[in-house]
Structures are given as structure tokens and as C-alpha cells.
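Participant: Give me a 3D structure for the following:
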Amino acid sequence: MSPAICVKWATRMKQAPLVTVVVPSFNQERYLEDALRSIVGQDVPAEIIVMDGGSTDGSVAIIERWSDQLFHWQSKSDGGQAAAINAGVDYGRAPYVCWLNSDDLLYPGGLGVLIAALEKNRAAPAAFGQVDHLDDATGLRRPAWVEPFDEKRLALRCIVSQPGTVIRRSSWQAVRGLDPKLHFAMDYDLWWRLYRRFGPFAYVSQTVAVNRNHRATKTRNNRKAHYSEAMTVVRRNYGRIPLKWWLAQPYAVWWKSIAARLGR
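Facilitator: Predicted coordinates for the structure are as follows:
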């Protein structure tokens, strides 16, 4: 860690934390340090909480190396990703919360942009911005499908990208965080419940985070289960499943699964 980062972090740690950032992780030593560095490099005081699911690779050594910059960390078996994130948020105290999967990244200033949007729009339960998809194999980046908040569009697809989202702690607590029974679409479900309780999210057009695509991601390797869970979320929160979901299923599930196996 560079001396400049250490000095910057020490200065910010004297301030009350503005945002709780939970980092759920399991056997992600290849990416974890980059994720932590991207959080420490933000320009707002953050409390970082790493919830490691008992990794057997070099993750714990990385966490220990960064422990002086962490508010809390643990490495042990948990009840799954959603349960780990919920528990991590409960350790925190900051007025805003978010989570960053250990294979994703924040762009410099990303958290500050989202928090500023929430402070400007006091009625919004969350703020989200644009996100880049990073192909780990090629290094290419392309924009994720993110749109200004709209209920009908949200019913057709998840237009809010999780790495680029910050939530008010009060709103998170009111809906009791993530549903631990969900494994793939828990963020999509959370957006619906926050919207139903509080109204639309604040949207910023700036690109604030990176979602990394690689061979070990849950969504890549479990497309059928992910798609089915997302449809369940739409039915539960919207009351019906738009025709688009049925029409897109062959491409979104079967063709993408075949393409993934072929390495495309």
C-alpha cells in the first residue's frame, strides 16, 4: 500500500464514517485486493467490512494485510451471500450503506457522487449510476444496461446495477435488507421492495463502478437458476411476468449458457 494512500486514509478515519461498504467474498484472492484498494481510494469516509465465507485460498492473508483499513472483518462459514451482506451492514453505523462484491471495483469518486445524489434528493431510498462491464479475459469494458428509474422498465429487466448503488441505512433497515432465501436476484428483489416502500431511486449519469465478468461468476454458471429467480422476483413484486421474459428466455439462458461453455 502506498504511503499516499495510508496518509489519506488516516486523515479520513478521523471523520465519522459516511458510508458502510460491505465486501462479501469467498476464494477471490485474484480480485480482492483490487476491490479493497478501490474503496480505500474513495473521497468520502467509509467503514469497510469484509465478510469472507471461509476462503481456503490466499484471501485471508490479503485481508490481514489490509486490516488496519477495515472497520471489521471475519472469515468463517456463513448462511450465503445475502445473509453475509445483511450481517455486515448490521456491524456498521454509517447513514448510507452498499456492498461491493470482491471481484468488482469502484471508480474514483463514485461513492461521493452517489451520496451527493441522495443528499440532494431526500425522498429517494437509494441512488445508482452507470456501471461498466469488464471482461476479465479480454480486458475490454462496455457499459452495463442501466437506465433512469422507471417501474415498467424495471419489470422488464434489472435496470439498476448493484455495484453502482448506495442505499440509505434507514431505508435498508425498514425493508430488512436482502432476502437471505435468494441467491442470484437478491439485489433485484431489494430494488423492488425499496421502490414499493419509498418510491423511485435517484439516478446519476456518471459511471461509478465496474462489474467484472469472469468464468467463476455465479450468474455465468447458473443462468437458468438466475433467470428463474429473477422471474419469481418480478411476479412477487409486480404482480405478473411481462411477455418479454418468456420471449427472451431462449437467448438469455440457453444460448448464453452454450456460448459460455464455448468460451465466447
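
Participant: which stretches of the stretch 51-200 of the chain form strands?
Facilitator: In the stretch 51-200 of the chain, the segments counted as strands under DSSP state E, counting those that start in this stretch are 72-75, 96-99, 105-106, 126-135, 141-143, 165-168.

Participant: Any chance of TSV for these, columns mean neighbour count and mean pLDDT?
Facilitator: To be clear about C-beta, it is placed using only N, CA and C from the backbone, and glycine gets the same treatment. Formatted as TSV, these follow (neighbours: other C-beta atoms under 10 Å; pLDDT from 0 to 100):
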stretch	mean neighbour count	mean pLDDT
strand 72-75	17	98
strand 96-99	27	98
strand 105-106	23	98
strand 126-135	22	96
strand 141-143	11	95
strand 165-168	25	98
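
Participant: Can you convert these into a markdown table and add a column each for distance to Ser25?
Facilitator: What follows is the strands of the stretch 51-200 of the chain, written out as a markdown table (distance: least, C-beta to C-beta, whole Å):
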| stretch | distance to Ser25 |
| --- | --- |
| strand 72-75 | 9 |
| strand 96-99 | 11 |
| strand 105-106 | 14 |
| strand 126-135 | 17 |
| strand 141-143 | 22 |
| strand 165-168 | 18 |
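
Participant: Nearest approach to Gly199 belongs to which of those strands?
Facilitator: strand 126-135 (10.3 Å; C-beta to C-beta).

Participant: list the helices and strands that closest one packs on?
Facilitator: If you count contacts as 3 or more C-beta pairs under 8 Å, 6 or more residues apart in numbering; DSSP states H and E, strand 126-135 packs onto helix 110-120, strand 141-143, strand 165-168, strand 202-213.

Participant: Show me the one of these that comes nearest Ser55.
Facilitator: Using C-beta to C-beta, those put strand 202-213 closest to Ser55, at 17.4 Å.

Participant: strands paired with that closest one, and their directions?
Facilitator: Next to strand 202-213 in the sheet, as set by DSSP bridges, lie strand 105-106 (antiparallel), strand 126-135 (parallel).

Participant: List of residues touching it?
Facilitator: Strand 202-213 is contacted from outside by 31, 100, 103-107, 109-111, 113-114, 117-118, 120-121, 124, 126-136, 141, 143-144, 148-149, 161-164, 220, using C-beta atoms under 8 Å, 6 or more residues apart in numbering.

Participant: buried sites along that strand?
Facilitator: The neighbour-count check on strand 202-213 (16 or more other C-beta atoms under 10 Å) flags 202-204, 207-213 as buried.

Participant: nearest to Gly88, of the helices and strands packed on strand 126-135?
Facilitator: Nearest of these (C-beta to C-beta): strand 165-168, 13.2 Å.

Participant: Can you give the distance of that closest one from its chain's centre?
Facilitator: In terms of C-alpha atoms, centre = their mean, to the nearest Å, the centre of strand 165-168 is found 10 Å from the chain centre.

Participant: ok, now which ones touch the closest residue to Trp191 other than its chain neighbours?
Facilitator: Once flanking residues are discounted, Trp191 sits nearest to Val160: 5.1 Å by C-beta to C-beta, 6 or more residues apart in numbering. Val160 sits next to 126, 128, 146, 149, 154, 187-188, 191, 201 when contact means C-beta under 8 Å, 6+ apart.

Participant: wait, which of those is closest to Met231?
Facilitator: For the contacts of Val160, the closest approach to Met231 (C-beta to C-beta) belongs to Tyr188, at 10.3 Å.

Participant: my guess is the closest one contacts Val233, does it?
Facilitator: Yes. Checked against C-beta atoms under 8 Å, the pair Tyr188 and Val233 is within contact range at 5.1 Å.

Participant: what bits of the stretch 1-150 of the chain have low per-residue confidence?
Facilitator: 1-14 (pLDDT under 70).

Participant: mind redoing it with 50?
Facilitator: 7, 9 (pLDDT under 50).

Participant: Thanks a lot, catch you later.
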